[in-house]
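Peer 1: Starting from these lines, generate the structure:
(2 chains)
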Amino acid sequence: MAELTIRDALNEALREEIIRDEDVFIMGEEVAEYDGAYKVTRGLWKEFGDKRVIDTPITELGFAAVGVGAAMAGLRPVIEFMTMNFSVLASDQIINHAAKMLYMSDGQFNVPIVFRGPNGSAYQVSSQHSQAFEAFYANFPGLKVVMPSTAADAKGLLKSAIRDDNPVMFLEQERMYGLKSEVPEDDDFTIPLGVADVKREGTDCTVVARSMTVPLAMQAAEQMQSENDVSVEVIDPRTIKPLDIDTIVESVKKTNRLVIAEESHSFASVGAEISHQVMEHAFDYLDAPIKRISTAEAPMPYAKNLEELALPDVPKIVEGIKEVCYL
Amino acid sequence: MSKTTTRKKSTTKKKTSSPNGSGNAEGVTDVVDVEQAKAEYDKRRKSQIGAIKKLDKDLLREMLYQMVLGRVFEQKCAEVYRIGKIGGFCHLYIGQEAIAVGVQMALEERDYVIGSYRDHVQAMVQGISPEAVLAELYGRAGGNVGGKGGSMHMFSKEKNFFGGHGIVGGQIGVATGMAFAQKYKETGGVTVCYFGEAAVNQGIFHESLNMAELWNLPVIYICENNKYGMGTSQTRAMSISSIAKKAEGYAMEGEFVDGMDVMAVRDATERAVKRARDESRPTLLEIRAYRFMGHSMSDPGKYRTTEEIKKYQERDPIALFQDSLKDAKVFNDKDFEEILEKAKAKTQEAVEFAENSPLPDESELYTGIYA
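Peer 2: Purely as a prediction, here's the structure:
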């Protein structure tokens, strides 16, 4: 095991896959000579050169399309968006082209491509740089959506995403790039897509969290244990689509209580979907209404106090747990 | 691609030229008017007939057959659409046959083709059978994509036909990526991308041309300018009339081509293919065309006059080619009759195949979503 930041774990995944498969290349704004806007691609251009690590003009729709066409013609592109907010410009290629190509062509043309970059809020970057897009992309059949929360998950899932034969939206979090955790030292370490991880075992309440809310949920769980003697189980689905609902349902059947913590707006969110599926599969096991902790139903404000108010945090998750436990 | 090859650029470029007779020494000439196109055609016709005489007779027969088949097939589509055999959208190619045939006859097997929703004839010229195309229009299991795509989405991996695409301009970017892959893998292949003139107003056109020239990609952008984006004429939608000239904005080669003249289309494509294959450089061809039918089968066509349509129909690409073949003494009326009958018989076979093909099995709803 090596202790790595999420940033370096992603970098290792890219590096290893570029070495492993000559059809893998990474393309995006500032990924090469500048070493990546958030340094995820640091050193790769120096090591692998212009063919494998390619700076693009600021032309999100254009380079997403180049990725889609290249993938149809047999390559495995990794397309970096400087932030997922910019992926909206490319959404025609992601949604109308990549997601539907296999189906429209009756199984002839698959699109093995990864679209990756930071998703959700950063530090006071305001409305146009803080959106969480997982619910948006998860709505379209044909796409997979992945959201890692630890360094090991980031590495293992990105490697699986690159090897996957489908278009994968790989959603990172800028606030988390510097978080460190243990990663297995194995060039072939992968984590399958579609498998949830129980980050903390517990018996009294389940918290389903993803990406940035996972470390928050872990802190909330510790606090509930020490202050209220409540044993909280924290589940990270890791892949939003396909969703490992079974692991969540099994946990709810054990704890009978569910809190969903997510960094996206609540309306039509992934949390809403999980809540519905739990109702379908474990309605009789619930001892309290499912509670969601989400980002405020407002565009992200700039002011620090308002931004904090808008986002999920440990106290809000603690309050949610207390609510479903009637404490 | 190395930085050194991608970044040497454009100061040494040749002047844009148009050796097929529709251009002049100063670069591209915008042949807007049908009368002007006719005059230019008459000027080059004599030398063209000489060129035809030197060509392989079987190739010429195949070119004419594909054009006639495209015409007869699309007429049949219109006929069966009207009696409800075909659902959804149905965009016909009637009047534009010289383009698909002239372009694709200049390609090799390793080359890629991608286009818009007006894709039936391009798919057939690429080798997808009329049976499979018509069964697809019927929404049947025997269709080219099993009834999942319909009129706008023909595909064949085997024939390197990368689709029929329904988002105006979307395929221009995809084509750029296909050419990127050909260069990356050093296949020596080139990509041909069809789109209409209205797609030129989409951002993806400009984003794609910029990258293709910046990175020296072996792609040929073929704008089939049929003058109308649905019911909106180009003059009401574009601030300039010369699409080929837009290539200059990206330091790319651009050329006008008379889309009613299959030989001119073939010649221009051969030049562009050579540039792409030998120099890995892109080209924008603006091929002036005219669709004799509406935008789709649901188009009442009230935005253009009968006189205008008639004027263009006088330059019917099939009739022009037949006249030249006759004057070159390659084929006579009897040959034309035979070719027409063969196309009609093939189309009839397609109808019978489509009529007898079963509906897709209900289990197909959920196949092919993920690989």
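
Peer 1: The helix or strand in which A:Ala13 is found vs chain B: in contact?
Peer 2: A:Ala13 belongs to helix A:6-20 when assigned by DSSP states H and E. No: legend: contact between helix A:6-20 and chain B by CB under 8 Å from any CB of the partner chain is lacking; minimum distance shown is 13.1 Å. C-beta: built from backbone N, CA, C; applies to glycine.

Peer 1: Can you list the strands that the next helix or strand after that helix pairs with?
Peer 2: Per DSSP H and E, helix A:6-20 leads on to strand A:24-28 as the next helix or strand towards the C-terminus. If you go by DSSP bridges, strand A:24-28 pairs up with strand A:53-55 (parallel), strand A:76-80 (parallel).

Peer 1: Around the residue lying closest to A:Lys322 once chain neighbours are set aside, count how many other residues there are.
Peer 2: Using CB to CB, 6 or more residues apart in numbering or on different chains and skipping residues adjacent in sequence, the residue nearest A:Lys322 is A:Asn228, 7.3 Å away. For A:Asn228, the number of neighbouring residues by other CB atoms under 10 Å in any protein chain shown comes to 15.

Peer 1: So which residues of chain A form strands?
Peer 2: A:2-5, A:24-28, A:53-55, A:76-80, A:114-118, A:144-146, A:168-172, A:180-183, A:197-200, A:205-209, A:232-236, A:239-241, A:258-265, A:291-295 (DSSP state E).

Peer 1: For these, give me JSON lines that also has mean neighbour count, mean pLDDT and distance to B:Asp333.
Peer 2: JSON lines is the format used below for the strands of chain A (neighbours: other CB atoms under 10 Å in any protein chain shown; pLDDT from 0 to 100; distance: least, CB to CB, whole Å):
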{"stretch": "strand A:2-5", "mean neighbour count": "16", "mean pLDDT": "97", "distance to B:Asp333": "78"}
{"stretch": "strand A:24-28", "mean neighbour count": "24", "mean pLDDT": "98", "distance to B:Asp333": "56"}
{"stretch": "strand A:53-55", "mean neighbour count": "21", "mean pLDDT": "98", "distance to B:Asp333": "57"}
{"stretch": "strand A:76-80", "mean neighbour count": "27", "mean pLDDT": "98", "distance to B:Asp333": "54"}
{"stretch": "strand A:114-118", "mean neighbour count": "26", "mean pLDDT": "98", "distance to B:Asp333": "58"}
{"stretch": "strand A:144-146", "mean neighbour count": "26", "mean pLDDT": "98", "distance to B:Asp333": "60"}
{"stretch": "strand A:168-172", "mean neighbour count": "28", "mean pLDDT": "98", "distance to B:Asp333": "60"}
{"stretch": "strand A:180-183", "mean neighbour count": "17", "mean pLDDT": "97", "distance to B:Asp333": "78"}
{"stretch": "strand A:197-200", "mean neighbour count": "18", "mean pLDDT": "98", "distance to B:Asp333": "76"}
{"stretch": "strand A:205-209", "mean neighbour count": "29", "mean pLDDT": "98", "distance to B:Asp333": "77"}
{"stretch": "strand A:232-236", "mean neighbour count": "27", "mean pLDDT": "98", "distance to B:Asp333": "76"}
{"stretch": "strand A:239-241", "mean neighbour count": "25", "mean pLDDT": "98", "distance to B:Asp333": "62"}
{"stretch": "strand A:258-265", "mean neighbour count": "26", "mean pLDDT": "98", "distance to B:Asp333": "70"}
{"stretch": "strand A:291-295", "mean neighbour count": "23", "mean pLDDT": "98", "distance to B:Asp333": "75"}
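
Peer 1: Indicate which one of the ones you listed is closest to B:Gly177.
Peer 2: Set against B:Gly177 and scored by CB to CB, those come closest in strand A:76-80, at 7.9 Å.

Peer 1: Check what contacts that closest one and list those residues.
Peer 2: A:14, A:17, A:21, A:23-29, A:31, A:36, A:40-41, A:63-64, A:66-67, A:70-71, A:112-117, A:162, B:177 (CB atoms under 8 Å, 6 or more residues apart in numbering or on different chains).

Peer 1: Following element in sequence after that strand, please.
Peer 2: helix A:91.

Peer 1: buried stuff in stretch B:330-350?
Peer 2: By neighbour count with 16 or more other CB atoms under 10 Å in any protein chain shown, stretch B:330-350 contains the buried residues B:Val330, B:Phe331, B:Asp335, B:Phe336, B:Ile339, B:Leu340, B:Ala343, B:Lys344, B:Lys346, B:Thr347, B:Ala350.
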